[in-house]
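A.B. asks: Mind folding the following:
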Amino acid sequence: MLTGSSFCQMSAAILVLLLLAVIGVVQAEDPYRFFNWNVTYGDIFPLGVKQKGILINGQFPGPDLYSVTNDNLIINVHNSLDEPFLLSWNGVQQRRNSYEDGVYGTTCPIPPGKNFTYILQVKDQIGSFFYFPSLAFHKAAGGFGGIRILSRPRIPVPFPDPAGDFTVLIGDWFKTDHKKLKARLDGGHKLHFPDGILINGHGPNGASFTVEQGKTYRFRISNVGLQNTLNFRIQGHKMKLVEVEGTHTVQTIYESLDVHVGQSYSVLVTMDQAERNFYIVASTRFTHKILTTTATLHYSNSHKAVSGPVPGGPTYQIDWSLNQARSIRTNLSASGPRPNPQGSYHYGLINITRTIKLVSSAAQVNGKQRYAVNSVSFVPADTPLKLADYFKIGGVFRVGSISDNPTGKRMYLDTSVMGADFRAFVEIVFENRESIVQSWHIDGYAFWVVG
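C.D. replies: Okay, here's the model as predicted:
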């Protein structure tokens, strides 16, 4: 029989165990980071001409999104524009929650004057990425910014901690208002040649990066532009590539890097030159007219202005760019978001159950410039596809409305949806028959480039 005293002692012990269990659960939960963003219009002057830009908390470009592997990100976005707005988190994997990635078709746009809270987890991810607006050509007005996912302290990184860490957002830019650019496309015309190139929202000689002589810095370079591949280089300095979009790479030295639209590279640069200022350069690739812009690498002990000719880079050499891409290799001995105790990652035989070939094309349909995949030019439905799928709303889309292979048919309009099996390994072949570089946004998925 239990006495009152022993019962109380036992109850206290149970209570302590329960409290310890609760504390353990709380401590085991991954950290939360909260962000409150207000999206507004504002005057910007990136190329010396006043434009109506899209700002986030008054900033152009928007603020960096800092996180650590496995963090939960709670991002409350207020839309103070006069039209619907969405943000896409380029490179952040969405594990069975694709409705959190703001692209038309997965979630409803944020109406003017309303807000939406994105709930993301950077589960088992590291690396350099960026976010951007995905609707109504808003990207041509701003609204983009860098994402950096740092490794957890206990996970070894295959290079020493740099003295500093810079986000470098490069991209082509138009002086024309984004609504007029959209109207031009809707009217059946292609975009004209861009007016310039920006580095962190600035035109020529506008951006500056201050460094100390003898130290090594990390530069996270993302092409946030609309259509042009850019070559990036730093006068008098070599770049050691260490990470590409969340994957540590074999550390290779480059004098310049081609960065295609949507790509993000992470390089280490050692300040091993005499004290002075140096050009940071971005220029267009595969264009008959070459656009170039510069920023300044400023040695903190320098009193000398940047000087000398702007260092040139490759222009139209396609093989040069392909060979560079072939030279980038995954570092199989490095840890990623988790430790790699075996010393190298070992992948068994992947059972590919399906091959999909996607061929892009351009044509005019009903007097408008359209672009298609396997002859189908996508038409957004009134109801986001993920919501229609979840709530089983019929008549919104048809699975199989786009084929696995090119059909050779004339371009036509449809709400194209391709079905796939959960957890299946699928081989996807992309073919570009156009005269411009195509960049594909494989939204929310992890993939391996194999050829």
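A.B. asks: Which residues are in contact with Pro194?
C.D. replies: By CB atoms under 8 Å, 6 or more residues apart in numbering, the contact set of Pro194 is Asp172, Trp173, Phe174, Gly225, Leu226, Gln227, Asn228, Thr284, Leu291. For every residue, glycine as well, the C-beta is placed using N, CA and C.
A.B. asks: for Leu226, same thing?
C.D. replies: Lys139, Ala140, Gly171, Asp172, Phe174, Leu191, Pro194, Val261.
A.B. asks: Check Ser335 too.
C.D. replies: Applying CB under 8 Å, 6+ apart to Ser335 gives the contacts Ser151, Ile155, Pro156, Val157, Pro158, His248.
A.B. asks: how does it look with 10 Å?
C.D. replies: Ser335 makes contacts with Ile126, Ser151, Arg152, Arg154, Ile155, Pro156, Val157, Pro158, His248, Pro341, Tyr345, as judged by CB atoms under 10 Å, 6 or more residues apart in numbering.
A.B. asks: Check whether it sits in a helix, strand or coil.
C.D. replies: With DSSP: H, G, I helix; E, B strand; the rest coil as the basis, Ser335 sits in coil.
A.B. asks: isn't Ser88 right up against Tyr131?
C.D. replies: Yes: contact criterion CB atoms under 10 Å: Ser88 and Tyr131 qualify, at 6.5 Å.
A.B. asks: which one of those two has more residues nearby?
C.D. replies: Tyr131 (26 against 22; other CB atoms under 10 Å).
A.B. asks: thinking again about what came up before, just checking, which of the contacts of Leu226 belong to strands?
C.D. replies: Counted as lying in strands by DSSP state E, out of the contacts of Leu226, are Gly171, Asp172.
A.B. asks: which one among the contacts of Leu226 gets closest to Asp165?
C.D. replies: Gly171 (20.2 Å; CB to CB).
A.B. asks: Just list the residues touching the nearest residue to the closest one once chain neighbours are set aside, thanks.
C.D. replies: Nearest residue to Gly171 in three dimensions, chain neighbours excluded: Gly225, at 2.9 Å (CB to CB, 6 or more residues apart in numbering). Counting by CB under 10 Å, 6+ apart, Gly225 makes contact with 139-140, 144, 169-174, 194, 197-198, 259-262, 282, 284, 439.
A.B. asks: of those, buried ones?
C.D. replies: The neighbour count (16 or more other CB atoms under 10 Å) marks 139-140, 144, 169-174, 194, 197-198, 259-262, 282, 284 as buried among these.
A.B. asks: all strands of the stretch 101-250 of the chain, in order?
C.D. replies: 115-121, 127-133, 145-150, 164-173, 196-199, 208-211, 216-223, 230-234, 239-244, 247-254 (DSSP state E, counting those that start in this stretch).
A.B. asks: quick one: average pLDDT of the fourth one?
C.D. replies: Which is strand 164-173. Across strand 164-173, the average pLDDT comes to 98.
A.B. asks: Parallel or antiparallel, which strands does that strand pair with?
C.D. replies: Applying DSSP bridges to the sheet, strand 164-173 is found paired with strand 196-199 (antiparallel), strand 216-223 (parallel).
A.B. asks: Could you tell me the angle between it and strand 145-150?
C.D. replies: Following axes from the mean of the first three to the mean of the last three CA atoms, to 10 degrees, one obtains 150 degrees for the angle between strand 164-173 and strand 145-150.
A.B. asks: pLDDT weak spots in the chain?
C.D. replies: 1-28, 340-349, 444-448, 450-451 (pLDDT under 70).
A.B. asks: For it, which segments count as helices?
C.D. replies: 4-28, 178-186, 318-327, 385-390 (DSSP state H).
A.B. asks: What residues sit buried inside the shortest one?
C.D. replies: Meaning helix 385-390. Within helix 385-390, the residues that qualify as buried are Leu385, Lys386, Leu387, Ala388, Asp389, counting by 16+ other CB under 10 Å.
A.B. asks: All good on my end, thank you.
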